[in-house]
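Peer 1: just a sequence and a predicted model for now, questions to come.
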Amino acid sequence: MAEAAAAREPGLKTVVGASAAGTAFEWYDFFIFGSLTTVIARHFYADVGEATSYVLALLTFGVGFVVRPLGALVFGWFGDKVGRKTTFLVTITMMGLATVAIGLLPDYGQIGLMAPALLLLMRVLQGFALGGEYGGAAIYVAEHAQPHNRGFMTSWINTTAALGLIGALVVILATRLIVGVEAFDEWGWRIPFILSGLLLAISLWIRLKLNESPAFRRMEAEGGARRAPYREAFLTWKNGRFVLIALFGVMFAQGAVWYCGYFYTRFFMERMLKVDVATVDGLILAISLASAFLYVFFGWLSDRVGRKPVMLFGMILALVAFFPGFHALTRAANPALAEAQARAPVTVVADPATCAVQFDPVGKAAFVSACDIAKTILTNAGVSYDTVAAPAGATALVRVGTAEVASVDGARLTPAQLKAARADVETRIKAALAAAGYPDRADPARINLPMVFLILMVFMTAACALYGPQAAALVELFPTRVRYTAMSLPYNIGTGWVGGLLPAASFALAAASGNIYFGLWYSVVFTVIAVVVTVLFMPETKGRDLDTIGA
């Protein structure tokens, strides 16, 4: 029977392709939901105002990240007890059906509050399923690959991030072109979600042809049924310390470096540098295409020189590039803004006691003091400013170079008066900014697209160097008995919490400080922690025998 099973064993290419299909789902879903947030907000969060509906849509999107560690615990245990193949058949089915369902949901105008409730439920199911998807796919490929090319083979799982983005952007752009902008906003936005059903069907068809992984079969044959994945993975120092190393080393950096390179750069160019959305989409698509091979290259390289040096290269390159790279991005994408910042820096002179933190995640903060009104206007305009303390009780003012604009205290004004006063202050501040050369939008004629592309590629090179060998490195840390459980939890905390919260947290830091670059400290701090942990505690795992780890 063993010979017959071996004869039916699928080729490694089939194993890689079947496993990668599921992770492509993850990124495809991520990008279509993220790219269509504005449209989704209008359909599912009506009657609460544009700003609040957008925030609520973003929070719904974020729920998928929050529940991922829970899915990792459940499906990790399931994968270590029942098997890799069965588990990722369940995760891909749950994920795919939830994605398709979003495209079929009635909107607020049809069923009222049930619409956002159902949308939230679908996001919970997606996040829950995704908690077990990556770990299962990476482990399944790693347990089929040979030790000498394990990094290369598992890196194909990671390159699906680029493929998912490319697929999402192509489908969205093609659908909008075919049905027209108005029809797309009305009903065509559903098509990208529904089309994911095709990928689900193909993925299931391929995965159903697979056998259980060789390492899991050998463990079962040796009496491996008597296992307690939670206790063995997290409550024994032998494995628990590697869970901590994986989280604080590899995954802290993954969440900080990869999500900054892919997502915060996009937010920064749109919100802070005021680059046209279509231009940003084109740049992100270009770097996704250009960087797709880098995942595989760095995975291959880790088979030659080791996982640890390649991943450390990615972390250190990101640390070196974060601040100078984003400053260079400003000069390349919006040179008029960079020139204005150097020529006429902006300062808010105010009593510190009257100034609040300029971050409002639910759109309910009043921001009515003279300081808050001035800072809110500057924050919404994406303009960096310094704050200088004024005497207690002084009315805040904004200095743009040598020009001064007085703000107004709205605490005692009626809503109508406050609205008019705020509009007057905004008009005067924007006039001062324009006179000092601050642009409303980035001038397309002055954008240095080749330089922007090269800067973005530096960030993506760092991200790919870290991400390419990552799957192999995580798999090689843990024994077969608890591999799924022990690997999935740190992965999903790093990507789901550190990475998933990065855009909002980085913007909060930038808004609170008044410095458009201050949000980068979020990525810097997590990456520094990861470098220290990796250098001091991470073992080199290249070429390990997966059957003897922990024996």
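Peer 2: Everything's here; your move.
Peer 1: the residue nearest the centre of the chain and residue 482: what is the separation?
Peer 2: Most central in the chain under Cα atoms, centre = their mean is residue 259, positioned 4.3 Å from the mean C-alpha point. As for residue 259, its distance to residue 482 is 27 Å (criterion: Cβ to Cβ, to the nearest Å). Where C-beta positions appear, they are placed from N, C-alpha and C, glycine not excepted.
Peer 1: tally up the residues packed near the nearest residue to residue 473 once chain neighbours are set aside, please.
Peer 2: In this structure, residue 473 finds its nearest non-sequential neighbour in residue 307, 4.0 Å apart by Cβ to Cβ, 6 or more residues apart in numbering. Using other Cβ atoms under 10 Å, residue 307 has 32 neighbouring residues.
Peer 1: ok, now residue 125?
Peer 2: Residue 125: 19 surrounding residues under other Cβ under 10 Å.
Peer 1: again with residue 237
Peer 2: 8.
Peer 1: check whether the residue nearest to the centre of the chain really touches residue 499, as I assumed.
Peer 2: Yes: using Cβ atoms under 8 Å, residue 259 makes contact with residue 499 at a distance of 3.8 Å.
Peer 1: the residue nearest to the centre of the chain sits in which helix or strand?
Peer 2: helix 259 (DSSP states H and E).
Peer 1: so what touches that helix?
Peer 2: 495, 498-500, 502-503 (Cβ atoms under 8 Å, 6 or more residues apart in numbering).
Peer 1: any weak-confidence spans in the stretch 1-150 of the chain?
Peer 2: Counting by pLDDT under 70, the stretch 1-150 of the chain has low-confidence residues at 1-11, 22, 47-55, 58.
Peer 1: against residue 276, how distant is the closest residue to residue 496 other than its chain neighbours?
Peer 2: Closest residue to residue 496 apart from its sequence neighbours, by Cβ to Cβ, 6+ apart: residue 68 at 3.7 Å. From residue 68 across to residue 276, the span is 33 Å (Cβ to Cβ).
Peer 1: higher neighbour count, those two?
Peer 2: More crowded of residue 68 and residue 276, by other Cβ under 10 Å: residue 68, with 29 against 14.
Peer 1: the more buried one touches residue 133, doesn't it?
Peer 2: No: if you go by Cβ under 8 Å, residue 68 and residue 133 don't touch, sitting 9.6 Å apart.
Peer 1: quick check: phi and psi on the nearest residue to residue 435 once chain neighbours are set aside?
Peer 2: Of all residues not flanking residue 435 in the chain, residue 403 sits nearest, at 6.8 Å (Cβ to Cβ, 6+ apart). Residue 403 adopts backbone torsions of phi -80, psi 150, taken as degrees, to the nearest 10.
Peer 1: after the longest helix along the chain, next one along is what?
Peer 2: If you go by DSSP state H, the chain has its longest helix at helix 114-144. Following helix 114-144 in sequence order, the next helix or strand is helix 150-158 (DSSP H and E).
Peer 1: by contact count, what packs against the next helix or strand after that next one?
Peer 2: Going down the chain from helix 150-158, the next helix or strand is helix 160-179, by DSSP H and E. Counting contacts by 3 or more Cβ pairs under 8 Å, 6 or more residues apart in numbering; DSSP states H and E, helix 160-179 packs against helix 12-35, helix 190-207, helix 277-305.
Peer 1: can you say which of those helices is packed in most?
Peer 2: Of all these, helix 12-35 has the most neighbours on average by mean count of other Cβ atoms under 10 Å, namely a mean of 22.
Peer 1: three-state assignment of residue 357?
Peer 2: Going by DSSP: H, G, I helix; E, B strand; the rest coil, the secondary structure assigned to residue 357 is coil.
Peer 1: ok, residue 533 - contacts?
Peer 2: 245, 248-249, 252.
Peer 1: rerun at 6 Å
Peer 2: 248-249 (Cβ atoms under 6 Å, 6 or more residues apart in numbering).
Peer 1: doesn't it belong to a helix?
Peer 2: Yes: under three-state DSSP, residue 533 falls within a helix.
Peer 1: you'd agree residue 399 is in a strand?
Peer 2: Yes: counting by three-state DSSP, residue 399 is part of a strand.
Peer 1: ok, it to residue 368 distance?
Peer 2: 22 Å.
Peer 1: make CSV from the helices and strands packed on helix 160-179 and add distance to residue 241 to it.
Peer 2: Output for those, formatted as CSV (distance: least, Cβ to Cβ, whole Å):
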stretch, distance to residue 241
helix 12-35, 27
helix 190-207, 33
helix 277-305, 22
